[in-house]
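Undergrad: Give me a model of this one.
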Amino acid sequence: MEQVALAAATTPDITLWSLFMQAGLVVKLVMIGLLAASVWTWAIVIDKYLSYARARRQFDHFEQVFWSGQSLEELYRTLSERNNTGLSAIFVAAMREWKKSFERGARSPIGLQMRIDRAMDVTLARESEHLMARLGSLATIGSAGPFIGLFGTVVGIMTSFQAIAGSKSTNLAVVAPGIAEALLATAIGLVAAIPAVIAYNKFSGDAGKLSGRMEGFADEFSAILSRQIDEKLQPRQAAQ
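TA: Alright, predicted model coming up:
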């Protein structure tokens, strides 16, 4: 009975918390860094999920209003007083350039069309960049996380081998805790990396679809304005 109690007392504690506390300084720093990366990953995931869902609702609502037959001037007056994003930002940028050009007496339809297209392209690039913001962090965590965890594992195993050499014992009870501490770093690296990779692939696809909708609207609206430019400028040119 005394031997059994002694064996139980000397059995190393291999819970996750104890493995973390027993790990060396370098391995601890690796684990803390990976845990912070995991928290940051989930913060980005939640933020992107909500922001993309909100963007889809805004796109649907704007397209419904735009194609309802409402006057472009009236819609512009309504939206110009707001902080616009997505399709509405592209619409406002194009209409603002349209109104400025006609207020200054635009005469060249080609020049006016180019200025409107350029205004929409700049806005489209800015909105697409906003959609892709912080996705690079997911890609970095997804690609680097396993290797950072592996680095902690290598350092932990080297430390364990040094401890084994110092104790001159290859008993599994002596070896196991150190190896477990080292492998925990790799496990945490995978916990951080796998959701990051999945989220990056999913949200990159979502951002591409939203950007495609903005590009499609910009092309359609450019064609609409091109027809209106012809209607407004051709009589003026004919009179001259």
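Undergrad: so after the helix or strand of the chain with the lowest mean pLDDT, what's the next helix or strand?
TA: Here the helix or strand of the chain ranked lowest by mean pLDDT, DSSP states H and E is helix 2-10, holding a mean of 43. Counting by DSSP states H and E, the next helix or strand C-terminal to helix 2-10 is helix 16-22.
Undergrad: Which strands or helices does that following helix pack on?
TA: With contacts defined as 3 or more CB pairs under 8 Å, 6 or more residues apart in numbering; DSSP states H and E, helix 16-22 has these neighbours: helix 172-239. Any C-beta I mention is one placed from the backbone N, CA and C, and that applies to glycine too.
Undergrad: Now the helix it packs on: average pLDDT?
TA: Mean pLDDT, computed over helix 172-239, is 84.
Undergrad: and what of stretch 137-156?
TA: The pLDDT scores in stretch 137-156 average 92.
Undergrad: Surely residue 96 is in contact with residue 80?
TA: Yes: under the criterion of CB atoms under 8 Å, residue 96 makes contact with residue 80 at 7.3 Å.
Undergrad: Tally up the residues packed near residue 121, please.
TA: Close neighbours of residue 121, defined as other CB atoms under 10 Å, add up to 15.
Undergrad: which residues does the residue sitting nearest the centre point of the chain contact?
TA: Nearest to the mean C-alpha position of the chain, by CA atoms, centre = their mean, lies residue 135 at 2.6 Å. For residue 135, the contact set (CB atoms under 8 Å, 6 or more residues apart in numbering) comprises 44, 48, 200, 203, 204, 207.
Undergrad: if we go to 10 Å?
TA: If a contact means CB atoms under 10 Å, 6 or more residues apart in numbering, then residue 135 has 44, 48, 199, 200, 201, 203, 204, 206, 207 as its contacts.
Undergrad: which is the next helix or strand following the strand or helix carrying the second one?
TA: Meaning residue 48. In this structure, residue 48 sits in helix 25-66 according to DSSP H and E. Of the helices and strands lying after helix 25-66 in sequence (DSSP H and E), the nearest is helix 72-79.
Undergrad: distance between the helix or strand that that following helix is followed by and the chain's centre?
TA: Note on helix 72-79: by DSSP H and E, the next helix or strand toward the C-terminus is helix 87-103. Taking CA atoms, centre = their mean, to the nearest Å, one finds the center of helix 87-103 at 29 Å from the center of the full chain.
Undergrad: Just the angle for the following helix or strand past helix 87-103 relative to helix 25-66, thanks.
TA: Once the chain leaves helix 87-103, the next helix or strand it forms, by DSSP H and E, is helix 109-132. In terms of direction (axes from the mean of the first three to the mean of the last three CA atoms, to 10 degrees), helix 109-132 departs from helix 25-66 by 140 degrees.
Undergrad: okay, the angle between helix 109-132 and helix 172-239?
TA: Here helix 109-132 runs at an angle of 160 degrees relative to helix 172-239 (the same axes, to 10 degrees).
Undergrad: which of the residues in helix 109-132 are buried?
TA: Under the neighbour-count criterion of 16 or more other CB atoms under 10 Å, helix 109-132 has 112-113, 115-117, 119-120, 123-124, 127-128, 131-132 buried.
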